[in-house]
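K.L.:
Below is the sequence, then the predicted model.
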Amino acid sequence: MNSFGFEGIVQDFSQFEENANQAQPEVRKYAIKMRDQARSIAKSKGLAKSGAGVSGIEVEDKINEVLVGWSQRPNFHLYFHELGFHALDNRRGKIRVRRNNDNRSRIYGSAKATYVGPKPHMRPAFDQLEPEFYNTIQNTLEKGV
């Protein structure tokens with residue numbers, strides 16, 4: 001930004017506005033790259049076993065943004081693999097149900113919750129593309145100013 005005076009600044013801001021409108025296709029291009037990278041990472045970590053899970057990583061266009069991530073249920077389980085979760089392990093036998101004196105049921109039995117560690121696929125995809133994405137967007141916004 002090499003301007004002096006009010007008119008030069010107005011011209012620079014109008015140029016920034018035009019450049020910002022041209023940045024949207026670049027953002028979309030990197031969103032598609034991130035989606036494809038996240039899908040390949042998820043497949044390599046064995047998260048493709050549940051059918052449509054990996055194909056549930058989608059790109060959604062909004063007015064001033066592009067969202068990359070998981071679609072709505074039933075593909076929501078990949079969110080839990082990103083963060084890790086506690087899975088109920090009740091395969092060790094039947095759970096016994098007894099009645100109290102007031103005829104309420106009380107569940108007896110032992111079911112353990114085991115922790116399933118995270119298998120991130122969105123964060124690594126973002127981390128790999130982040131520097132290149134920021135440089136491209138910065139160059140697009142500064143073009144001609």
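P.N.:
Looks like it came in fine.
K.L.:
can you list the weak-confidence ranges in the protein?
P.N.:
Applying pLDDT under 70 to the chain picks out residues 1-5, 49-52, 71-77, 88-101, 103-112, 145.
K.L.:
Tell me where the longest helix sits in it.
P.N.:
helix 6-44 (DSSP state H).
K.L.:
so residue 45 makes contact with residue 121?
P.N.:
Yes. Using CB atoms under 8 Å, residue 45 makes contact with residue 121 at a distance of 6.4 Å. (C-beta placed from N, C-alpha, C; glycine too.)
K.L.:
Compare neighbour counts for these two and give me the winner.
P.N.:
residue 121 (22 against 13; other CB atoms under 10 Å).
K.L.:
Next one: the more buried one from residue 80, what distance?
P.N.:
Residue 121 is 12 Å from residue 80, where distance means CB to CB, to the nearest Å.
K.L.:
again with residue 15
P.N.:
Relative to residue 80, and taking CB to CB, residue 15 is found at 45 Å.
K.L.:
wait, what's in contact with the residue nearest the centre of the chain?
P.N.:
In the chain, the residue lying closest to the centroid (CA atoms, centre = their mean) is residue 69, at 3.6 Å. Contact analysis of residue 69 by CB atoms under 8 Å, 6 or more residues apart in numbering lists 57-58, 122.
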